Every structure is written in structure tokens, then in C-alpha cells.
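> Have a look at this prediction, sequence included:
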Amino acid sequence: MTDRDTAFAEYFAARSDAMRGTAFLLCGDWHRAEDLTQAAFTKSYLAWHRVARHDVLDGYLRRTLVRTYLDERRLGWWRRVRTSDSPPEPVARDTGPEDRVAVLEALASVPSRQRAVLVLQYWEDLSVEATAELLGCTAGTPKKR
């Protein structure tokens, strides 16, 4: 294993759970969150040699994750993968307080870019300016959402 591979494996081990949590809040499905996380880490691995400052990797990976999520929503990935017209029955689990369910339902009800703004600002605790930069828009856009 090269030094590049070792460094990436250590970074993946340290950050994959946090990024998977962010991906879950974006898409609302653990399986899709895993796919989004894997896609973001794969893209990051391919660009690993171009990242000059490894202290800013979280921001780069977060941006990659959000853009991958938004791209999939635009490309209709969600519609292509569905195999039936009706959603599957939810699995009954003890997930914790009802507040968590209410938050997840609320996140699921908003459009994908608004959901990205909410997750970045309130879950990732990014400023309006950092959220706007990550989404590639002006600082006024996340304020409106």
C-alpha cells in the first residue's frame, strides 16, 4: 500500500461515519446515504493527489457529497432505481424520540437544495457564507431558503 493509500484509508476510517450521517440527513435513506458517501469518497480518492492542503479535506468532501446528492436528484436516479410504484412498508424500529421522526419527515418534505441548506447550516453548523460557497450560489440564496 502506498503512502497515498494509507493516508486515504486513515481519513476514510476517521470521517466516513460523520459523512454518512450528513448524507442520511440529505436523502433520508440509509442505503442511499451509504451510496452517496461511497461516491463522495471515491471522487475524493481520485483527486487525493491534487488536494494540496489536507487540513481542508472535510470541506472538500462535504462539497463533493452535497454535489453528488444534488446531481443524482437532477438526473432522476431516484426514479430509475425504484422497482415498484408503492414504497416499501417501513420497518418498525425504536428510533428514539418523536422529535427525530418529525425532523426527518420535515427534511423529506422540502426540495433537495433547501434540504442541503438546512443540513449544512444546522447539522454541519456552517455559516451562511460557507453554505453558499459550498452550493455555488450567493450568500442571499441560503438566507431565503
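Great, that's in hand.
> Quick check: next helix or strand after the lowest-mean-pLDDT helix or strand in the chain?
Using mean pLDDT, DSSP states H and E, helix 77-81 stands out as the lowest-scoring helix or strand of the chain, at a mean of 50. On the C-terminal side of helix 77-81, the closest following helix or strand by DSSP states H and E is helix 98-109.
> so how far is that following helix off the chain centroid?
Distance, stretch centre to chain centre, for helix 98-109: 17 Å (C-alpha atoms, centre = their mean, to the nearest Å).
> My read is that R62 contacts T22, right?
Yes - applying C-beta atoms under 8 Å, one finds R62 in contact with T22, separated by 6.9 Å. Placement of C-beta: from N, CA and C, glycine included.
> Mutual contacts of the two, please.
Taking C-beta atoms under 8 Å, 6 or more residues apart in numbering as the criterion, R62 and T22 both touch E124.
> helix/strand/coil for the residue nearest in space to the middle of the chain?
For the chain, the residue nearest the mean C-alpha position is A23 (3.0 Å; C-alpha atoms, centre = their mean). Using DSSP: H, G, I helix; E, B strand; the rest coil, the structure places A23 in helix.
> Let me see the contact set for it.
Contact analysis of A23 by C-beta under 8 Å, 6+ apart lists R32, A33, E34, L36, T37, A40, L65, Y69.
> where's it relative to E34, distance?
According to C-beta to C-beta, to the nearest Å, A23 stands 8 Å off from E34.
> what's the answer for Y45, then?
Distance of Y45 to E34, computed by C-beta to C-beta: 16 Å.
> Could you do D5 as well?
21 Å.
> Please enumerate the helices of this structure.
3-27, 30-46, 57-75, 77-81, 98-109, 112-118, 128-135, 140-144 (DSSP state H).
> Report the buried residues of the fifth one.
This means helix 98-109. L107 (16 or more other C-beta atoms under 10 Å).
> ditto for stretch 9-25
For stretch 9-25, by 16+ other C-beta under 10 Å, it's Y11, F12, R15, S16, M19, R20, G21, T22, A23, F24, L25.
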